[in-house]
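> Sequence plus predicted model, see below.
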Amino acid sequence: MALSPKQRLRNQVALVTGASSGIGAGVAKSLAADGATVVVNYHSDEEGANKTKQEIEEMGGKAIIVQADVSKEEEVQSMFKQTVEQLGTVHILINNSGLQDDAKFLDMTLEQWNKVIGVNLTGQFLCAREAAREFVRRGPQPEISKATGKIICMSSVHEVIPWAGHVNYASSKGGIMLLMKSIAQELAPHKIRVNSIGPGAIATPINASARDTPEEEKSLLTLIPYGRIGEPKDIGDVAAWLASDEADYVTGTTIFADGGMTLYPGFADNG
């Protein structure tokens with residue numbers, strides 16, 4: 001990846017949670033390519049965070065690393081404090097951190113439920129709240145961005161598609177949908193835009209087991225009308241556009257980047 005000639009996000013600071021691998025790393029690199037200085041957040045994969053930072057710097061971009069568990073309020077607050085101390089402010093939050101801990105509903109433990117909800121949903125609430133507080137504290141910078149701040153929540157096709165065997169994950173993503181819409185409604189008068197991206201099947205470590213063999217990959221492709229599994233850059237490119245002034249009139253919506261998975265391909269031949 002090389003720096004974009006457009007540089008739509010120049011002079012802006014973007015904090016990307018869970019940026020040590022997968023979609024988060026892809027988004028971090030796309031934002032950096034568009035000119036943003038990126039805060040690479042990670043929880044436990046310090047090596048992955050260093051790799052993301054190195055790849056950003058190799059393309060000519062700028063990045064720093066901040067460790068935090070997004071499910072813990074004091075760590076989220078510390079992450080934003082460190083970011084503001086080092087870089088002055090934040091303009092873009094990519095609320096990306098997420099995980100799965102799967103089980104059949106009858107076997108799912110409260111620990112599994114709380115673990116996934118804590119990171120996937122509560123973590124997004126905590127990060128969005130701190131970002132919004134910083135946006136309001138700083139106020140508008142129209143010479144840098146038309147919006148006072150931009151929050152992008154990483155959701156999933158499973159905010160609308162039920163997923164048996166993954167009820168904690170699907171519930172967290174359904175929650176993200178109304179979290180995003182509700183805060184978009186509340187923050188719009190401050191000229192803060194809040195949106196979500198709903199990825200489908202993206203080639204990342206979180207879904208590697210679904211692609212372990214050619215047979216499993218072929219089965220997965222039956223759910224994707226466009227005929228290919230997505231790459232992290234597919235999501236990164238959507239995020240860069242959504243964070244830019246080109247999307248200034250877009251708020252309170254989910255953009256699905258899923259190759260058509262939400263078209264319910266099982267009904268393509270009349271069901």
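Sure thing, it's come through.
> name the element residue 241 belongs to?
helix 232-243 (DSSP states H and E).
> Show residues contacting that helix.
If you take C-beta atoms under 8 Å, 6 or more residues apart in numbering as the criterion, helix 232-243 is touched by 1, 4, 8-9, 12, 14, 22-23, 25-31, 33-34, 36, 92, 94, 150, 152, 154, 195, 197, 199, 202-204, 247, 250, 255, 257. Quick note: C-beta positions are derived from backbone N, CA and C, even for glycine.
> Among these, name the ones in strands.
14, 92, 94, 150, 152, 154, 195, 197, 199, 255, 257 (DSSP state E).
> now that we have those, which one has the most neighbours?
Neighbour count (other C-beta atoms under 10 Å) singles out residue 94 as the most crowded of these, with 34 neighbours.
> List the contacts of it.
Counting by C-beta under 8 Å, 6+ apart, residue 94 makes contact with 14-17, 19, 24, 27-28, 31, 152, 154, 239, 243.
> now those in CSV, with distance to residue 72 and pLDDT?
Below are these laid out as CSV (distance: C-beta to C-beta, whole Å; pLDDT from 0 to 100):
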residue, distance to residue 72, pLDDT
14, 22, 99
15, 16, 99
16, 18, 99
17, 12, 98
19, 18, 98
24, 18, 98
27, 22, 98
28, 22, 98
31, 25, 98
152, 22, 99
154, 19, 98
239, 25, 98
243, 26, 98
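> need the helices for the stretch 51-200 of the chain, in chain order.
73-87, 110-117, 123-138, 167-187 (DSSP state H, counting those that start in this stretch).
> closest to residue 231 out of those?
helix 167-187 (20.4 Å; C-beta to C-beta).
> Tell me the one among the contacts of residue 94 nearest to residue 180.
The closest of the contacts of residue 94, once distances to residue 180 are taken by C-beta to C-beta, is residue 152, at 8.9 Å.
> And that closest one, how far from residue 31?
10 Å (C-beta to C-beta, to the nearest Å).
> Overlap in contacts, those two.
By C-beta under 8 Å, 6+ apart, the residues touching both residue 152 and residue 31 are 92, 94, 239, 243.
> Out of those, which comes closest to residue 125?
Of these, the one sitting nearest to residue 125 (C-beta to C-beta) turns out to be residue 94, at 15.0 Å.
> Restricting to C-alpha, output the least confident helix or strand in the chain by mean pLDDT in CSV.
Using mean pLDDT, DSSP states H and E, helix 214-221 stands out as the lowest-scoring helix or strand of the chain, at a mean of 90. What follows is helix 214-221 as a C-alpha-only set of coordinates in CSV (Å, rounded to 0.1, in the frame of the first residue of the first chain):
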residue,chain,number,x,y,z
PRO,A,214,-11.2,-25.9,0.1
GLU,A,215,-14.5,-27.6,1.0
GLU,A,216,-15.1,-25.2,3.9
GLU,A,217,-14.2,-22.2,1.7
LYS,A,218,-16.5,-23.4,-1.0
SER,A,219,-19.4,-23.7,1.5
LEU,A,220,-18.7,-20.2,2.7
LEU,A,221,-18.8,-18.8,-0.8
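> distance between it and the chain's centre?
Helix 214-221 sits 25 Å away from the centroid of its parent chain (C-alpha atoms, centre = their mean, to the nearest Å).
> repeat for stretch 33-52
Worked out by C-alpha atoms, centre = their mean, stretch 33-52 lies 13 Å from the chain centre.
> Now do the buried residues in it.
Neighbour-count burial for stretch 33-52, counted by 16 or more other C-beta atoms under 10 Å, picks out 33-43, 45, 48-49, 52.
> got the contact list for residue 124?
Shown in contact with residue 124 (C-beta under 8 Å, 6+ apart): 70, 95, 97, 153, 176, 179.
> hang on, isn't the first one packed against residue 43?
Yes. Taking contacts as C-beta atoms under 8 Å, residue 70 lies within contact range of residue 43: 7.4 Å.
> who touches both of these two?
18, 97.
> Might you list the low-confidence residue ranges for this structure?
206-212, 271 (pLDDT under 70).
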